[in-house]
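Colleague: Got a predicted structure plus its sequence, pasted below:
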Amino acid sequence: MKRSNAYLAFLTTAAILFGAMFVHAAVSRRQAAPRLERTTEMVRRLDLTDLCLFTEARYTRHPTMADVNSLFQDSPLSLEHYPAGSLMAPPDHLGRRQ
Amino acid sequence: MTVSSWIQKQRYLIEMTLSSLLRRKGKFTALIVVYTSIVFLLASVMLFTEALEREARIVLSGAPDIVVQKLVAGRHDLIPRDYADAIREIRGVTSVRPALWGYYFDPVFGANYTVMVPEAFDHGRGEVAIGPGVAKATGSEIDYILPIWTSKGKLTSFFVKELVSSESQLVSADLILMSEADFRMVFDIPEHLATNLVLEVRNPRELPVIAAKIADLLPDTRPVLKSEVQRTYDSVFSWRSGVVVAVLIGSVLAFIIFAWDRASGLSAEERREIGILKAIGWETSDVIQMKFWEGTVVSLTSFLVGVLGAYAHVFLTSSTLFEPVLKGWAVIYPEFRLVPFVDAYQIAVLFFLTVVPYTVSTIVPSWRAATIDPDAVMRA
């Protein structure tokens, strides 16, 4: 097989996979809809306010419910020492209202 | 030139380009690997962020309309239940209920749990329902005993009566649900106090007005609106956050090096190649077309492989590479597989930021080399 043909075959395969990626995403979204609905219902039933992404400290577990001083709970000069702090910005409403 | 002859010509040019690239196999392979890795990393962050934000927005649409917290000296405090009576008087508020929740650090497993009292708890005193993360960390199953130290220093045993479904791990991994009486006993919270108040409001458009009225009526409280809760997760992995800035700076610098390498000129070997092609009769446009294909082969291949790899990484392997970063120092980490919300606009932006600059920066120096006399190019 000529190299150009092999490369064009590769490009075609990759393009088909690229299209399949969007199809897979659409199908997965449809399949996940009932699960998301059940999770939303659980959030409603338990009055949850946050995702359980970072369970290291209380202000990373529930950033929406945190106060601005919780970062400095150990010392007024303590720097943020949880990795979650470098992934997520503090909520907008926290700064505005204080 | 007919279409079929044009296509045939392009195929010959691709053949020529591939032969030329494979003559420099080491450099070509290194270029493809680095380029693909950068696209993979950028696309992974992009897909993960987008999917997480969209999923957060959907599931947190069930969050309370308003949560009212009490602040004392800038820190949270337990809120008196009679604050609910004052808030209930505000027009538009359909229900106010006290919520009880808090954190418990398990000294045995070194894990933090979120302990909550649901409005309707299906089990009795001395019984708990636990989230999948707690079950995994403690090795608990139904009817196992979960020991909890009370705030008075007394060890109390709870029977695990329910395992919260693992499909909702993203919100429930670290939950321990118990009855109100048990919660008050464990944390020694008096009857007249609650953690915060949860409000339902008839008209969502009135939320800011009601929040303002609460702040006026009870100045030592802070209302948090549902929209604020949902917006908070729009900034997960935002470009300003430390890890993402590191990834972005690394990627941008790598692209600058690529572009600089291409735009600053061609290697002696590449110049000689162009000189020979010109000497045997190639037009400048043919050389530019060949170089266009060279740029396209490298950048399009890297883009397609990088994006497909990122999709598989984020949505088929649950973002394995990000797990250590997300997990941080936590003992409990949800095992979730995100729903693939793929934004075609973002993919298009990534394409124009990665493929186009590289292809263009390949053509410009080639055009310069191709317009010089072949003899001078070969002798240089």
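Modeller: Cool, the structure landed. Residues are numbered from 1 along each chain as shown, chains lettered A, B, ... in the order given.
Colleague: Just give me the longest helix of chain B.
Modeller: Counting by DSSP state H, the longest helix found in chain B is helix B:25-59.
Colleague: And the next helix or strand past that one?
Modeller: Sequence-wise, the next helix or strand downstream of helix B:25-59 (DSSP states H and E) is strand B:66-72.
Colleague: re earlier: show the secondary-structure elements that the longest helix of chain B is packed against.
Modeller: helix A:3-46, helix B:169-172, helix B:242-263, helix B:284-311, helix B:344-371 (3 or more C-beta pairs under 8 Å, 6 or more residues apart in numbering or on different chains; DSSP states H and E). Heads up, the C-betas are built off the backbone N, CA and C, glycines and all.
Colleague: buried ones in it?
Modeller: Residues B:28, B:31-32, B:35-56, B:58-59 are the ones in helix B:25-59 that count as buried (16 or more other C-beta atoms under 10 Å in any protein chain shown).
Colleague: Then stretch A:60-72?
Modeller: A:60, A:61, A:62, A:63, A:64, A:65, A:66, A:67, A:70, A:71.
Colleague: Within reach of chain B, which of those residues are there?
Modeller: Checking the buried residues of stretch A:60-72 against chain B by C-beta under 8 Å from any C-beta of the partner chain, the ones in range are A:60, A:61, A:62, A:63, A:64, A:65, A:67, A:70.
Colleague: from the residues you listed, which single one is nearest residue B:6?
Modeller: Using C-beta to C-beta, residue A:63 comes nearest to residue B:6 of these, at 57.5 Å.
Colleague: Looking at chain A, what residue ends up closest to chain B?
Modeller: residue A:86 (3.1 Å; C-beta to the nearest C-beta).
Colleague: surely that residue meets residue B:243?
Modeller: Yes. Under the criterion of C-beta atoms under 8 Å, residue A:86 makes contact with residue B:243 at 5.3 Å.
Colleague: so what are the domain limits for chain A?
Modeller: Here the domain assignment for chain A is A:1-48, A:58-95, based on automatic domain parsing.
Colleague: Chain B too?
Modeller: As recorded under automatic domain parsing, the domains making up chain B are B:3-59+B:232-379, B:66-224.
Colleague: Those into TSV, with extra columns for mean pLDDT?
Modeller: Output for these, formatted as TSV (pLDDT from 0 to 100):
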stretch	mean pLDDT
domain B:3-59+B:232-379	83
domain B:66-224	93
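Colleague: Same list (those) but as a markdown table, adding distance to residue A:5.
Modeller: Converted to a markdown table, these look like this (distance: least, C-beta to C-beta, whole Å):
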| stretch | distance to residue A:5 |
| --- | --- |
| domain B:3-59+B:232-379 | 8 |
| domain B:66-224 | 46 |
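Colleague: Can you report how many residues neighbour the residue lying closest to residue B:169 once chain neighbours are set aside?
Modeller: Excluding its sequence neighbours, the residue lying closest to residue B:169 (C-beta to C-beta, 6 or more residues apart in numbering or on different chains) is residue B:334, at 3.9 Å. When neighbours are counted by other C-beta atoms under 10 Å in any protein chain shown, residue B:334 registers 24.
Colleague: ditto for the one 3 residues further on
Modeller: When neighbours are counted by other C-beta under 10 Å, residue B:337 registers 17.
Colleague: and it, that's in a helix?
Modeller: No. Applying DSSP: H, G, I helix; E, B strand; the rest coil, one finds residue B:337 to be coil, outside a helix.
Colleague: The closest residue to it other than its chain neighbours: which element?
Modeller: Excluding its sequence neighbours, the residue lying closest to residue B:337 (C-beta to C-beta, 6+ apart) is residue B:318, at 4.9 Å. Using DSSP H and E, residue B:318 sits in no helix or strand.
Colleague: got it, and residue B:86?
Modeller: Taking DSSP H and E as the definition, residue B:86 sits inside helix B:83-88.
Colleague: Next SSE downstream of that helix?
Modeller: strand B:93-106.
Colleague: Need the residues that contact that following strand.
Modeller: With C-beta atoms under 8 Å, 6 or more residues apart in numbering or on different chains as the test, strand B:93-106 has contacts from A:47, A:58, A:61, B:67, B:79, B:81, B:84, B:87-88, B:111-117, B:119, B:137-138, B:148, B:176, B:180, B:183-184, B:186-187, B:189, B:194-202, B:210.
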